[in-house]
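**Student:** Need a 3D model of the sequence below.
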Amino acid sequence: MPGIRAKVKLATRQNLNTAVHRHKAFSRRGLQERMFTLAFRQLVYPQIWEDPVVDLAALQLGSQDRIIAIASGGCNVLSYLTAGPREIVAVDLNGAHIALLNLKLRGLAALPDHAAFFDFFGRADRRENIATYQTLLRPGLDDATRAYWDGRGLDGRRRIEAFARGFYRHGLLGRFIGAGHAVARLYGKRFDALLAARSLEEQRTIFEREIAPLFDKKFVRWLARRPSALYGLGIPPSQYRALAADSEGGVTEVLKRRVERLACDFPVAENYFAAQAFGRAYARADAPSVPPYLQRENFDAVREGAARVRPFHGSFTERLKVEPDASLDAYVLLDAQDWMNDAVLTELWREIRRTARPGARVIFRTAADERLLPGRVPEEILGDFDYRQERARELGSRDRSSIYGAFHLWVR
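**Tutor:** Have a look, this model is predicted:
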């Protein structure tokens, strides 16, 4: 297994270096970029932070549709199966994310029922999960996925043991959220107080009392001014600069507004993003407090569709290059384009145009409230797509994760 682990690590490193590095190694920005890629080689997202309900409303998937999507934690890819598409190609630069998606796919095939699946991937904190992995999941995994979960992290423990100790508290994002809770406690505040609210009015009151004052603390403002402090959110230096420019008050003001939206704009009982941010776990197994793929009523559809998911470790553009002309109906780019320079963006959209069927939908988010593509992708390519601005704005306002500046929808 060591040879397989080394090969996956090397591929992840090369993928990330190509995607992120734009400046010379010993320049200030170059050092920031290399610090980010070093951090990003591990598991980053135990849970993806884009709302799949919004995605599904934008994509309007049919039974014959083929989708290509960035996999991240796998939550949204599996949630798209509730719409019954023909195939989903799930792409990620990070081998740890592909290993997580493969583990979930194996769980859908091998675990006996929804209760067992939810215990493992929803609660994700039971000692029994390790025995379940050994007897039901591990034997059916491919070599690379098995090597990842059998391997040990920096703490010396096997990675699979995270599913016995609160999986969503792990990964770069999980530890970032945990650090946020620790800082709040230092100032005598508690994020989890928000989860006791019974109305939006109570949520607003608790936010103003427990969370908003933290953004005025000198230490918090000092941290927010350092790009490395936000690597735990998966924000590379180029995206950090876009985020900082989105408000006259800088990054601290942007972060405050977005946490406020997460805390105040949606009922916490119906928002699993708030449950993870403020409680560090899913609240309960019933809808809508968990992602669609974990909801009991969706289990049969997700299980039946799991065989139609095709994981791919590599770049989005690299994968598109092996797809036939006019062969795809939907593209899910998450916020990856925030990382790209103009040449990389143009190459990506050239492949999207070549592989898109008429009517194909392309969705993505941006850290800042900006159009992103006009003026950067040549009109000869972008002119073959319509930007659905009003629909995108309306859907973006419904995104419960609340962390992005804008949601975008383009149609071929």
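**Student:** in what helix or strand does the residue lying closest to residue 60 once chain neighbours are set aside lie?
**Tutor:** Nearest non-adjacent residue to residue 60, counting by Cβ to Cβ, 6 or more residues apart in numbering: residue 361, 7.0 Å away. The way it works is simple: take the backbone N, C-alpha and C, and place the C-beta from them, glycine included. Taking DSSP states H and E as the criterion, residue 361 maps to strand 356-366.
**Student:** Just the residues contacting that strand, thanks.
**Tutor:** With Cβ atoms under 8 Å, 6 or more residues apart in numbering as the test, strand 356-366 has contacts from 50, 55, 58-60, 242, 326-338, 352, 372, 385, 399, 404-412.
**Student:** State the number of residues packed around the residue nearest to residue 60.
**Tutor:** Residues near residue 361, counting by other Cβ atoms under 10 Å, number 23.
**Student:** Next, work out how far apart the most centrally placed residue in the chain and residue 221 are.
**Tutor:** Central residue of the chain (Cα atoms, centre = their mean): residue 48, 2.9 Å from the mean position. To residue 221, residue 48 is 29 Å away according to Cβ to Cβ, to the nearest Å.
**Student:** List the buried residues in the strand holding residue 361.
**Tutor:** Within strand 356-366, the residues scored as buried using 16 or more other Cβ atoms under 10 Å are 356, 360-366.
**Student:** ditto for stretch 181-188
**Tutor:** The neighbour-count check on stretch 181-188 (16+ other Cβ under 10 Å) flags 181, 183-184 as buried.
**Student:** which one of these is nearest residue 282?
**Tutor:** Relative to residue 282, the closest of the buried residues of stretch 181-188 is residue 181; by Cβ to Cβ it sits at 16.4 Å.
**Student:** In contact with the closest one, which residues?
**Tutor:** Residue 181 is in contact with 191-192, 280, counting by Cβ under 8 Å, 6+ apart.
**Student:** swap in residue 55?
**Tutor:** Listed by Cβ under 8 Å, 6+ apart, the contact partners of residue 55 are 76, 79-80, 332, 363.
**Student:** State the distance from it to residue 351.
**Tutor:** From residue 55 to residue 351 the distance is 21 Å (Cβ to Cβ).
**Student:** next one: residue 309
**Tutor:** On the measure of Cβ to Cβ, residue 309 and residue 351 end up 21 Å apart.
**Student:** Next: residue 44.
**Tutor:** Residue 44 sits 25 Å away from residue 351, going by Cβ to Cβ.
**Student:** And for residue 119?
**Tutor:** Using Cβ to Cβ, we find residue 119 at a distance of 41 Å from residue 351.
**Student:** give me phi/psi at residue 301?
**Tutor:** With angles defined as degrees, to the nearest 10, residue 301 sits at phi -70, psi -40.
**Student:** tally of neighbours for it?
**Tutor:** 15.
**Student:** so who does it touch?
**Tutor:** When contacts are counted by Cβ under 8 Å, 6+ apart, residue 301 touches 81-82, 84.
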